[in-house]
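**Student:** Dropping the sequence and predicted coords here.
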Amino acid sequence: MSSTEGAPAGVVPAQLLKGQKAMVTGANSGIGRATAIGLGRAGADVVVNYVAGREEAEKVVDEIMAFGVRAAAYEADVSKEDQVVAMVDRMVQEFGTIDIMVANAGLQRDAPFTEMTLAQWQKVIDVNLTGQFLCAREATKEFLRRGVVPEVSRSAGKIICMSSVHQVIPWAGHANYASSKGGVQMLMTTLAQELAPQKIRVNAIAPGAIKTPINRSAWETPEAQEDLLRLIPYKRVGEPEDIAHAAVALASDLMDYVVGTTLYVDGGMTLFPGFATGG
């Protein structure tokens with residue numbers, strides 16, 4: 001086990017996103033939770049989306065409001081068009097607008113390829129890919145309606161698609177998940193190309209191995225974590241806050257010239273570590 005294991009200690013400037021309104025989908029746990037809290041810490045008002053687990057979502061809201069900003073929990077299934085439309089409309093009515101959409105909601109339904117059911121395939125595609133399409137589309141409508149407000153941001157709006165290292169790393173036993181994330185990568189770059197002339201910035205974050213409830217078995221025991229670290233040159237497993245810091249930076253004007261980029265936050269997992277001593 002590496003002695004560098006541990007959470008990042010970076011400090012996010014409290015007013016970096018002051019006056020901006022953000023929505024984070026799937027924000028009642030894991031990466032979404034940390035990202036929503038990080039945006040609030042940076043001064044944004046935040047809508048915490050969830051599909052189940054209202055109590056956890058309300059706890060996230062309380063943590064965000066402790067920074068002196070507004071927050072609210074909205075229930076919606078991002079794979080359902082009518083629910084996404086209603087959710088974004090409600091945010092515009094209650095918060096005035098939306099400046100930042102973090103399309104984070106995602107799930108896994110793993111199975112060997114020949115045993116994967118159509119229902120397992122479709123559920124993952126519906127949430128992980130179609131859900132990002134719907135959230136980005138509805139946010140973009142508001143960005144275009146409102147335009148650039150210079151005292152708030154140099155951009156008309158920011159979309160951050162939560163992808164994965166598995167948009168480029170094949171993953172046996174996870175054909176639906178890897179396909180959904182490959183789709184997210186192309187969706188993001190296509191939207192970035194189309195929307196950049198309207199001053200809308202679209203980018204993605206591709207997390208590597210992050211300590212979240214969905215993959216607890218991969219890092220919870222010393223043995224499992226040691227095995228996982230063989231895939232990570234930086235020799236620590238990521239924390240949700242690693243992703244939150246990246247999201248805050250991408251959403252801010254510090255990254256105003258960053259368009260259509262995937263930021264890999266993975267400790268070097270995409271560096272083909274198996275070739276470090278061979279090949």
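**Tutor:** Ah, there it is.

**Student:** alpha carbons only for contacts and neighbour counts from here, please
**Tutor:** Fine.

**Student:** what ranges do the helices span in the stretch 1-150 of the chain?
**Tutor:** Secondary structure of the stretch 1-150 of the chain (DSSP state H, counting those that start in this stretch): helices at 30-41, 54-65, 81-95, 118-125, 131-146.

**Student:** Comparing those, which stretch has the densest surroundings?
**Tutor:** helix 30-41 (a mean of 27; mean count of other CA atoms under 10 Å).

**Student:** hmm, who's touching that helix?
**Tutor:** 12-14, 17, 22-27, 45-48, 60, 63-65, 67, 69, 104-105, 211-213, 240-241, 243-245, 247-248 (CA atoms under 8 Å, 6 or more residues apart in numbering).

**Student:** Now the buried members of those residues.
**Tutor:** Buried subset of the contacts of helix 30-41 (neighbour count, 16 or more other CA atoms under 10 Å): 12, 17, 22-27, 45-48, 60, 63-65, 67, 69, 104-105, 211-212, 240-241, 243-245, 247-248.

**Student:** Need the helices of the stretch 1-150 of the chain in a markdown table (columns: distance to Y257 and mean pLDDT).
**Tutor:** Listed next are the helices of the stretch 1-150 of the chain as a markdown table, based on distance: least, CA to CA, whole Å; pLDDT from 0 to 100:
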| stretch | distance to Y257 | mean pLDDT |
| --- | --- | --- |
| helix 30-41 | 20 | 98 |
| helix 54-65 | 28 | 98 |
| helix 81-95 | 26 | 98 |
| helix 118-125 | 31 | 98 |
| helix 131-146 | 18 | 98 |
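
**Student:** can you map out the strands along the stretch 101-250 of the chain?
**Tutor:** Using DSSP state E, counting those that start in this stretch, the strands assigned to the stretch 101-250 of the chain run over residues 157-162, 200-207.

**Student:** Now find how far off-centre the longest one is within its chain.
**Tutor:** Meaning strand 200-207. 8 Å (CA atoms, centre = their mean, to the nearest Å).

**Student:** what's the answer for the shortest one, then?
**Tutor:** Averaging C-alpha positions (CA atoms, centre = their mean) puts strand 157-162 8 Å from its chain's average.

**Student:** Note down every partner strand of it and its orientation.
**Tutor:** strand 100-103 (parallel), strand 200-207 (parallel) (DSSP bridges).

**Student:** quick check: angle from it to helix 30-41?
**Tutor:** With axes from the mean of the first three to the mean of the last three CA atoms, to 10 degrees applied, the angle from strand 157-162 to helix 30-41 works out at 150 degrees.

**Student:** as a whole number, average confidence for stretch 162-174?
**Tutor:** When pLDDT is averaged over stretch 162-174, the result is 96.

**Student:** So what touches that stretch?
**Tutor:** 102-105, 108-113, 177-185, 204-208, 264, 266, 269-270.

**Student:** Any of those buried? List them.
**Tutor:** Among those, the ones that count as buried (16+ other CA under 10 Å) are 102-105, 108-111, 177-185, 204-208, 264, 266, 269-270.

**Student:** So for stretch 153-168, what gets flagged as buried?
**Tutor:** In stretch 153-168, counting by 16+ other CA under 10 Å, buried: 153, 155-167.
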